[in-house]
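[1] Fold the following.
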Amino acid sequence: MMMAQKSEKPHWRPSAARLVGELVIIVLGVLIALWADGWVQERAEREVEASRIVALGDNVSATRARLAEARSEAEGAAEALRQIALWEVVPELDRETERVLLEGLLFGPSFTPEINVYIDLKSSGDLALLRSAELRQALARMDAALEQLRLAQDDLTSVQQLNYDPFVIEHLSLDGGFAEYLGLEGVPRSRSPGPDGMRILRNLALFKLDLVSWLLTEIGQADQTLELVDAALHGPR
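    Next comes the predicted model:
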């Protein structure tokens, strides 16, 4: 009688199990490595974001301080121009009259924003590092408002160079004021404008007052957008 042969397990099963196990280990290793790389990259990006936010805050503070100076200078020029517009004749050229003429007719805007961090983020495409949509929107509004302010300044500067500076040189007696500013003494005084010159002076004062008023409006708009950026920088991210 023949003995029954023992059933043998397929020899490939242990090898297949080992293969699946090794594959699982490899996949897990890859996933862990990818997670670790992503975690490291995310942490690095958050550190960059934090440093950029601090730098943006410094930029905003510096720019708002410069805007406050620009507003003060423009308001002084506007007040001087209002005084000039009310003159029937040029008053005696004492220190106060010369100050009014100089401040009103020779005022030119010189504001420049301190936004190098934003410019760098924008040009490098790194604005996406800022996770706050509110902050990105506020920065876009700031950019547009500062551009409008730049255009207002450029217009006023062009009009100043084409109309006001030649009139001052041709018609006004600002020798004393300029002499004091330049540290000179004994500079002879020239004539004051006659009736026709006074009419032109008044028209120029009114026209420039309109331009300075526009400039003040744009300064206010720019400061409001910077205030929004400041709020977004210190808000939740």
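[2] Excluding chain neighbours, what is closest to residue 232?
    Nearest non-adjacent residue to residue 232, counting by CB to CB, 6 or more residues apart in numbering: residue 135, 4.0 Å away. No exception for glycine: its C-beta is placed from N, CA and C like everyone else's.
[3] any idea how far that neighbour lies from residue 31?
    33 Å (CB to CB, to the nearest Å).
[4] circling back to that earlier point, the residue nearest to residue 232 - how many residues pack around it?
    20 (other CB atoms under 10 Å).
[5] Could you report the pLDDT at it?
    You'll see residue 135 listed with a pLDDT of 92.
[6] list the buried ones in the helix or strand containing it?
    Using DSSP states H and E, the element containing residue 135 is helix 133-159. Applying a neighbour-count criterion of 16 or more other CB atoms under 10 Å, one finds 134-135, 138-139, 141-143, 145-146, 149-150, 152-153, 156, 159 buried in helix 133-159.
[7] just checking, what packs against that helix?
    Packed against helix 133-159 by the contact rule (3 or more CB pairs under 8 Å, 6 or more residues apart in numbering; DSSP states H and E) you find helix 116-124, helix 195-234.
[8] Would you point to the one among those that's packed deepest?
    helix 195-234 (a mean of 17; mean count of other CB atoms under 10 Å).
[9] Contact partners for the closest residue to residue 227 other than its chain neighbours?
    Distances taken as CB to CB, 6+ apart place residue 64 nearest to residue 227, at 7.8 Å, with adjacent residues excluded. Contact analysis of residue 64 by CB atoms under 8 Å, 6 or more residues apart in numbering lists 223, 226, 227, 230.
[10] Could you give the average pLDDT over the helix or strand harbouring residue 169?
    Secondary structure assignment for residue 169, by DSSP H and E: helix 165-171. Helix 165-171 shows a mean pLDDT of 81.
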